[in-house]
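Undergrad: just the structure for this:
(2 chains)
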There are 2 protein chains.
Amino acid sequence: MLRIGLDVMGGDFAPDSVLKGALMAHAEWSHSFRLVLFGQSSIIEPFLTANSDFASHCDVVYTEQVIDMAASPVRALVEKPESSIVVGLEALNEGKIDGFASAGNTGAMLAGSVLKLGSSREDIRPCLLGCLPRPEGSDGILLDVGAIADTKPETLRDLALLGHVYAQTVMGIENPKIGLLSIGEEPEKGNAVTVAGHKLLAEMPNIHFVGNVEGRDIFTDKADVVVTGGFTGNVVVKLSEKFFEIAQDLHCAELPFFKRLNYETYGGSPILGVNKPVVVGHGISSPLAIQNMIYLTYDIARTGLCERIFAALKDE
Amino acid sequence: MLRIGLDVMGGDFAPDSVLKGALMAHAEWSHSFRLVLFGQSSIIEPFLTANSDFASHCDVVYTEQVIDMAASPVRALVEKPESSIVVGLEALNEGKIDGFASAGNTGAMLAGSVLKLGSSREDIRPCLLGCLPRPEGSDGILLDVGAIADTKPETLRDLALLGHVYAQTVMGIENPKIGLLSIGEEPEKGNAVTVAGHKLLAEMPNIHFVGNVEGRDIFTDKADVVVTGGFTGNVVVKLSEKFFEIAQDLHCAELPFFKRLNYETYGGSPILGVNKPVVVGHGISSPLAIQNMIYLTYDIARTGLCERIFAALKDE
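TA: Below you'll find the model as predicted:
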C-alpha cells in the first residue's frame, strides 16, 4: 500500500484545516493508501487521541520546527532541518513515503524538492502545474503557473514534455493536444521567447503540438496542455480564481463550471521536474482543498508519473 | 464641433456592422460631434441615400482601397495609400478630423498611427489600452494589451505614465492608483523585467504607485491602472472575454458585471503614445461595439488626451 505524506503545519489555516481535510479524506485513503502525518507532537497527538479510528489508519513523524508561509525559502530550508517540509521531503527521498503534499511555503517546497529529491534531468527546472476546467466538462492543464518567472525557449520545450507526460499518465489522455500560449495564432506572433519556443515545440517528435493558442482558448478543448512561462501562467491562474470568486458573489457559483473553477476542487499544484511526487496546496487551503490535495498526490504516486517523466526525458 | 472619422471598411462584419453602429450612434453624435465616414463610394452612397437624416449630419471621404484584416501591416500601408485607414490617419494628421476609429487591421492601425501621426515622444512605443470592469461598478484600465510583446523596464514606466494621464483625463480619476502586474506583492517578486520596472515606477514623482498587483487583483479597485507587458496583457484581455462568453452560455451574462465584461460595452482599445486620438475596435465588432467605439473616440478627442500626454512626457 502506498504511503502519502502530509505536512500538517503548512497553510494559512494550518493545522486545523489540514487535519480536518485529512479526516475528510479518511474514507478513501484508508482503502487505497496509508497517510503519514508530519508535524508537531503537541498538535497531532491530541487530535489522534480524539479520532482513534483515523489514528489507526495513519502513521506519524513528529517534526517540531515550522517553516513560516512568508519565510525566505532557501534560508528556511537551511535553518529548519527539523521542519515538516524538510523532514517530509527527506522521507520521500529515502522511500519511506511515496508522495508528499503541503499547503505551506511554495518557495520552500520548490527549492526543497530540487535539493532533497533531485531534478528529473540535470538541467531541468521544476515547474508548477495548474488544472483548468472547461465548461463542457473535461479538464485541461496549464504550466508553468509560477515557478519559472523568466522563461527561455528551451524552458517551453521542457514544459511541453512534462505536460504531455502528465496528461497521458495522470489524466489518461492518450495523445494530448499541446498548445503554446501566445497573442496570435500564427507561429510568428508573440514575444521573442514564445516565437523561438514555437519552433522548438514544432520539432518535437513525440508530442501532438497544435500550435499557438490564445487567452480565449485556455478554457476550451483546443489544447489539453497549455504551455507558457510562469509569469503569464501565474496571472492566468490567479485571474481565474478571481472569476470564481466573482461568480460566487453573483450567485452563479453553484453552476458546475464555476464550481470546478474553485481551487478547492483540484487541491493543489503538482511540482513537475523532480524525481518524486510532490504537490503544493494553495496557502488558503480549506479542508476540502486538503482532501483533494491528498487524493491528487496519491494519483501521481499511483500512476508512476515521475518514472514516466524520467523515461521521456531520457528518450528525447 | 469636433469631427470623428470612422473607417467603414474595417472589421470582420464591415461594412454592414459599421454603418449600423454609426446609425445607432446618430442621436448622440448629431448633437456633440460630426461624423466623417471613410470608405468605398459604392457602399456608402446607397446607404446615405436610404438614410437621409443621417446623411445630413455626416461628411464622407471616399477611399476605394481596403486593407484586409489579415494583411501584413507595413506592406499594406505601403501598397494601399488610398485605403480608408491610410487616408483616415492622414486626414487626422492634417487636422481635417479630430479623432479616427477603425475595427480593421490592428497592426496597420498601430504602424500607421506612428507613421502618419508621430509618437508622443521620440522613443515611446504606441500601446493599446484595455478597459476592465469591476463587480462593484467602477472601471479600471490595463495596458499594454498587445502592441508591445517584448517589454523592457523602461516600457513599463512609459505605460504607467500613459495610463496615469488617461485615467485622469478621460476617466476623471484625480489621483489614479497605478499597479504593476506581477506574481507576488513584494517588489522582488516577478520576472526580471517586472522587478526592474518596479524600481522605475517607484521612483516616478508624479504618479500614485501602489506597488505590485496580482492576477486576482485585476478586477478589484486595488489599482485603477494595471501596467503590464503586451504579452500578458493580451492574454488577460482575451481570457476575460472568454469568461464573458462562458457566463453568457451559462445564462449569467445578464448580470451587470458580466454585461460590462462584454467588449461591446467599451467599443475598442485606444492607441496611446501617438499624437492624435486613435481607437481600434475588436475585429468582430457588432453595431453596438461600433457605436461605443465612436463615443470613446469622441471622449478622447474632447478631453484633449493627446495634448495632456505630450505635456506629461515633456515634464517628466
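
Undergrad: and A:Ala71, how many neighbours does it have?
TA: 18 (other C-beta atoms under 10 Å in any protein chain shown). Where C-beta positions appear, they are placed from N, C-alpha and C, glycine not excepted.

Undergrad: how about A:Asn206?
TA: A:Asn206, neighbours per other C-beta under 10 Å, totals 11.

Undergrad: okay, now A:Pro73: neighbour count?
TA: 17.

Undergrad: could you pull out the helices in chain A for me?
TA: Under the criterion DSSP state H, chain A carries helices at the ranges A:16-32, A:41-50, A:52-56, A:73-79, A:84-93, A:106-117, A:153-169, A:192-202, A:230-249, A:256-261, A:287-302, A:305-315.

Undergrad: how about those, which one is nearest chain B?
TA: helix A:230-249 (3.0 Å; C-beta to the nearest C-beta).

Undergrad: hmm, that closest one touching chain B?
TA: Yes - Helix A:230-249 is in contact with chain B by C-beta under 8 Å from any C-beta of the partner chain, via A:230-232, A:234-243, A:245-247, A:249.

Undergrad: which positions in the stretch 201-316 of chain A make contact with chain B?
TA: So the stretch 201-316 of chain A meets chain B at A:214-220, A:228-232, A:234-243, A:245-247, A:249-250, A:252, A:255, A:257-258 (C-beta under 8 Å from any C-beta).

Undergrad: and the stretch 51-200 of chain A, by the same measure?
TA: So far as C-beta under 8 Å from any C-beta goes, the stretch 51-200 of chain A lies against chain B at A:135, A:146, A:149-151, A:181-183, A:190-192, A:194.

Undergrad: now A:Ala14: phi and psi?
TA: Backbone torsions of A:Ala14, given as degrees, to the nearest 10, read phi -80, psi 150.

Undergrad: got a list of what it touches?
TA: A:7-8, A:103-104 (C-beta atoms under 8 Å, 6 or more residues apart in numbering or on different chains).

Undergrad: could you save the residues you listed as JSON lines and add columns showing pLDDT?
TA: Shown next, in JSON lines, are these (pLDDT from 0 to 100):
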{"residue": "A:Asp7", "pLDDT": "98"}
{"residue": "A:Val8", "pLDDT": "98"}
{"residue": "A:Ala103", "pLDDT": "96"}
{"residue": "A:Gly104", "pLDDT": "96"}
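
Undergrad: check contacts around A:Leu159.
TA: By C-beta under 8 Å, 6+ apart, the neighbours of A:Leu159 are A:127, A:143-144, A:227-228.

Undergrad: can you tell me which of these has the most neighbours?
TA: Using other C-beta under 10 Å as the neighbour test, the contacts of A:Leu159 are led by A:Val227, with 33 neighbours.

Undergrad: and that residue, what are its bridge partners?
TA: A:Leu143, A:Leu180 (DSSP bridges).

Undergrad: one step back: what about the contacts of A:Ala14, which are in strands?
TA: Residues of these located in strands (DSSP state E): A:Asp7.

Undergrad: looking at the contacts of A:Ala14, which one is closest to B:Val279?
TA: Comparing the contacts of A:Ala14 against B:Val279 with C-beta to C-beta places A:Ala103 closest, at 45.6 Å.

Undergrad: in the stretch 201-316 of chain A, where is pLDDT below threshold?
TA: The stretch 201-316 of chain A contains residues with pLDDT under 70 at A:251-261.

Undergrad: any chance of TSV for the helices of chain A, columns distance to B:Thr265?
TA: Formatted as TSV, the helices of chain A follow (distance: least, C-beta to C-beta, whole Å):
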stretch	distance to B:Thr265
helix A:16-32	40
helix A:41-50	51
helix A:52-56	53
helix A:73-79	43
helix A:84-93	47
helix A:106-117	37
helix A:153-169	35
helix A:192-202	30
helix A:230-249	16
helix A:256-261	22
helix A:287-302	35
helix A:305-315	44
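
Undergrad: ends of stretch A:149-157, what's the gap?
TA: Distance between the two ends of stretch A:149-157: 15 Å, counting by C-alpha to C-alpha, to the nearest Å.

Undergrad: pull the contacting residues for the residue in the stretch 1-150 of chain A positioned nearest to chain B.
TA: With C-beta to the nearest C-beta as the measure, A:Ala149 is the residue of the stretch 1-150 of chain A nearest to chain B, at 4.1 Å. Contacts for A:Ala149 (C-beta under 8 Å, 6+ apart) come out as A:229-231, A:234, B:183, B:190-192.

Undergrad: save these as a markdown table, and put in neighbour count too.
TA: Shown next, in a markdown table, are these (neighbours: other C-beta atoms under 10 Å in any protein chain shown):
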| residue | neighbour count |
| --- | --- |
| A:Gly229 | 28 |
| A:Gly230 | 24 |
| A:Phe231 | 27 |
| A:Asn234 | 29 |
| B:Ile183 | 24 |
| B:Gly190 | 24 |
| B:Asn191 | 22 |
| B:Ala192 | 11 |
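
Undergrad: can you pull the contacts of A:Asp98?
TA: Applying C-beta under 8 Å, 6+ apart, we find A:Asp98 in contact with A:2-4, A:33, A:92, A:276-277, A:301.

Undergrad: what about those, which are in strands?
TA: Judged by DSSP E, the contacts of A:Asp98 include A:2-4, A:33 as members of strands.

Undergrad: taking those, please make a PyMOL selection of just the buried ones.
TA: Buried residues within the ones in strands among the contacts of A:Asp98, by 16 or more other C-beta atoms under 10 Å in any protein chain shown, are selected in PyMOL with:
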select buried, chain A and resi 3+4+33
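
Undergrad: export the ones in strands among the contacts of A:Asp98 to JSON lines and tack on distance to A:Met24?
TA: Below are the ones in strands among the contacts of A:Asp98 laid out as JSON lines (distance: C-beta to C-beta, whole Å):
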{"residue": "A:Leu2", "distance to A:Met24": "19"}
{"residue": "A:Arg3", "distance to A:Met24": "19"}
{"residue": "A:Ile4", "distance to A:Met24": "14"}
{"residue": "A:Phe33", "distance to A:Met24": "15"}
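
Undergrad: and which of the ones in strands among the contacts of A:Asp98 is nearest A:Leu110?
TA: Nearest member of the ones in strands among the contacts of A:Asp98 to A:Leu110, counting by C-beta to C-beta, is A:Ile4, at 19.3 Å.

Undergrad: from A:Glu64, how far off is that closest one?
TA: A:Ile4 is 22 Å from A:Glu64, where distance means C-beta to C-beta, to the nearest Å.

Undergrad: wait, A:Val225 sits on A:His164?
TA: Yes - counting by C-beta atoms under 8 Å, A:Val225 does reach A:His164; the two are 6.3 Å apart.

Undergrad: what's the overlap in contacts for those two?
TA: A:176, A:178.

Undergrad: which strand residues bridge A:Gly211?
TA: A:Gly211 has these beta-bridge partners by DSSP bridges: A:Gly179.

Undergrad: wait, it touches A:Pro187, no?
TA: Yes - with contact defined as C-beta under 8 Å, A:Gly211 reaches A:Pro187; the gap is 6.9 Å.

Undergrad: now stretch A:188-208: buried residues?
TA: A:189-191, A:193-195, A:197-198, A:200-201, A:207-208.

Undergrad: so who does the closest residue to A:Val61 other than its chain neighbours touch?
TA: The shortest distance from A:Val61 to any non-neighbouring residue, by C-beta to C-beta, 6 or more residues apart in numbering or on different chains, is to A:Phe38 (5.1 Å). If you count contacts by C-beta under 8 Å, 6+ apart, A:Phe38 has them with A:5-9, A:60-61, A:63, A:84, A:87-88, A:91.
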